[in-house]
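**Student:** no sequence for this one, just the structure:
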């Protein structure tokens, strides 16, 4: 059994140690050309992206294990006729992303960024009695779009702040339905949006969810509401959000995921959007790091190795993706 790991040698060694003698680990970088070159005769690929050509042409390939929850970099159309190939993702970062989503919510609600910026300059204008009083979290209503691994962890934590939880999923069902006072299909979400003080996006990026939060959706939101996105940028129409924030149609937004990324991860000189969000005081911006903490990076690769080992042993692996649903 051959397993290609598109990562650093450190984490590839971690996976090799987990697999032991059950598989040979082949290490490559994350570029499509490198994966394509070294992946033609492997049985399993551990990577967040796999070239479509390899999926279509390699009859030996039986499993793709991503390190992250998002699988939008896998071309599901290339899986047509590949009933022998499974794709698994990872929910290891669910708790950390939930904590981060709530941090973004609090940062917007409590004016943390403008407060910090002005006091550093010696300006006390945001002191007690100043403009933009803090938004109270307690006794508010939060609508969570996507009540899966991340959404459910957000709900658990917000309930501890005496927040009412509404939720919406594509099907109107969830294994975590007990966490929400109301749960509806996303197609029927308007009444919940109109009542929500906070809206948090934690749903997968699929053709159905792309552009979901558009001008119409935002027009349903309350003037003092806050939007948080820890899912994927294209779920929000960027111009619609920018205009709403600039014109104070909503209170603010906390955004960790964007519409444009640098060619090289953690690179410079690549604005995350075409809109001048940087000019807005009611936006808290974060560079796609919600799932990154002191332990999660190691845990991503540990889970990948353990899940691959389950498959090699003939056990059912965790988090098998449904290609028709895209998650």
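**Tutor:** Looks like it arrived, so ask away. Remember, it's a predicted structure, so these values are computed and weren't measured experimentally. Numbers count the residues shown, from 1 in each chain.
**Student:** what's stretch 18-28 in contact with?
**Tutor:** The contact list for stretch 18-28 (CB atoms under 8 Å, 6 or more residues apart in numbering) reads 1-7, 9, 12-13, 15-16, 34-35, 37-39, 42-44, 302, 305-306, 308-309, 312-313. Every C-beta, even on glycine, is put in place using the N, C-alpha and C of the backbone.
**Student:** go with 7 Å
**Tutor:** Residues outside stretch 18-28 that contact it (CB atoms under 7 Å, 6 or more residues apart in numbering): 1-6, 9, 12, 15-16, 34-35, 38, 42, 305-306, 308-309, 312.
**Student:** hmm, which of the residues you listed are the buried ones?
**Tutor:** When the contacts of stretch 18-28 are checked for burial by 16 or more other CB atoms under 10 Å, the buried set is 2-6, 12, 15-16, 35, 38, 42, 305, 308-309, 312.
**Student:** Which of those residues fall in helices?
**Tutor:** If you go by DSSP state H, those have 12, 15, 16, 35, 38, 305, 308, 309, 312 in helices.
**Student:** Give me the neighbour count for the closest residue to residue 155 other than its chain neighbours.
**Tutor:** Distance criterion CB to CB, 6 or more residues apart in numbering; nearest residue to residue 155, sequence neighbours excluded, is residue 179 at 4.1 Å. Applying other CB atoms under 10 Å, we find 20 residues neighbouring residue 179.
**Student:** how about residue 179, phi and psi?
**Tutor:** Reported as degrees, to the nearest 10, the phi and psi values for residue 179 are phi -80, psi -20.
**Student:** I figured it was touching residue 153, is that so?
**Tutor:** No: the pair residue 179 / residue 153 is not scored as a contact, 9.6 Å apart, by CB atoms under 7 Å.
**Student:** Report the buried residues of stretch 65-83.
**Tutor:** Neighbour-count burial for stretch 65-83 [16+ other CB under 10 Å]: 65, 66, 67, 69, 70, 71, 72, 74, 76, 78, 79, 82.
**Student:** got a list of what the first one touches?
**Tutor:** Put plainly, it is residue 65. 44, 46, 88, 304, 307, 308.
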